[in-house]
Structure formats: C-alpha cells, structure tokens
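Trainee: Have a look at this fold, sequence not included:
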C-alpha cells in the first residue's frame, strides 16, 4: 500500500496579513491506498467535510509520497546489489553507463 497526499487548487487561503488572498494549493489529507484514483475516492468517503466545504474531485491531485518504508526497501535492494555490481563494474573497465554508478548515487542520496 502507498501513501498519498491529496491537494486541490480550489479555494484560497489567507496570509499573515488577513486582507490578502493567497493563490495556492490546499492539502485535504494524506491517506493510504493502492492507486491515486483509489486514494482520492477513499479520502472523500472518509472525510465528509471535504464536499461540505465545496471541494470537488475535478480539481484534486493525488501525489504518492516517498515514505520511510520505501526508503528502507530501496536501501536493502541497493545493499544487496552493490557489491556484485561493483565487481562487474571493475571487470568491465568502469563503463560510463553501468548500473553501479546509479546504485552508488542512490546509496549516497539515502
């Protein structure tokens, strides 16, 4: 299951200076689901206030979040592959397009 942040471009908010409308997106919620479409449907079903406030699904966007669980899984895959790919990388005279370079970049970014 994935985590999604659901937001909309409908409506406005106020800045610290209350007499100025701010054009931005509004977060409606974060929800666990298998797909973007399912996440939107689930959020609207579980939070009646969203429709009561006038928000519609037409302007809603669901974006999958990168969770700590995703990070852990990717890190395990990288650690599993890194040593073998490094050996292969060296044996092939350090090619520029080798997967080892990508694995190394990912490892450094996590």
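Mentor: Looks like it arrived, so ask away. Given the structure is predicted, the values throughout are model-derived calculations rather than measurements.

Trainee: which stretches of this protein have low pLDDT?
Mentor: For the chain, no stretch is flagged by pLDDT under 70.

Trainee: what comes up buried for stretch 86-94?
Mentor: residue 89 (16 or more other C-beta atoms under 10 Å). (C-beta placed from N, C-alpha, C; glycine too.)

Trainee: cool, stretch 45-52 as well?
Mentor: In stretch 45-52, counting by 16+ other C-beta under 10 Å, buried: 47, 50.

Trainee: One more: stretch 22-37?
Mentor: 28, 31, 33, 36.

Trainee: Longest helix in the protein, please.
Mentor: helix 68-91 (DSSP state H).

Trainee: Report all helices and strands that that helix contacts.
Mentor: Under the contact criterion of 3 or more C-beta pairs under 8 Å, 6 or more residues apart in numbering; DSSP states H and E, helix 68-91 touches helix 99-109.

Trainee: what packs against the helix it packs on?
Mentor: For helix 99-109, the packing partners by 3+ C-beta pairs under 8 Å, 6+ apart are helix 68-91.

Trainee: Which residues does the helix it packs on contact?
Mentor: Residues outside helix 68-91 that contact it (C-beta atoms under 8 Å, 6 or more residues apart in numbering): 95, 98-101, 103-104, 106-107, 110.

Trainee: picking up where we left off before, got the angle between the longest helix of the chain and helix 99-109?
Mentor: 140 degrees (axes from the mean of the first three to the mean of the last three C-alpha atoms, to 10 degrees).

Trainee: center of this protein - which residue?
Mentor: Using C-alpha atoms, centre = their mean, the residue of the chain that lies closest to the mean C-alpha position is residue 65, 2.4 Å off.

Trainee: Could I get the contacts of helix 68-91 in TSV, plus columns for neighbour count and distance to residue 10?
Mentor: Formatted as TSV, the contacts of helix 68-91 follow (neighbours: other C-beta atoms under 10 Å; distance: C-beta to C-beta, whole Å):
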residue	neighbour count	distance to residue 10
95	11	50
98	17	47
99	12	43
100	20	46
101	14	43
103	19	42
104	16	43
106	14	37
107	14	41
110	10	36
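
Trainee: Just the closest of the residues you listed to residue 1, please.
Mentor: residue 110 (21.2 Å; C-beta to C-beta).
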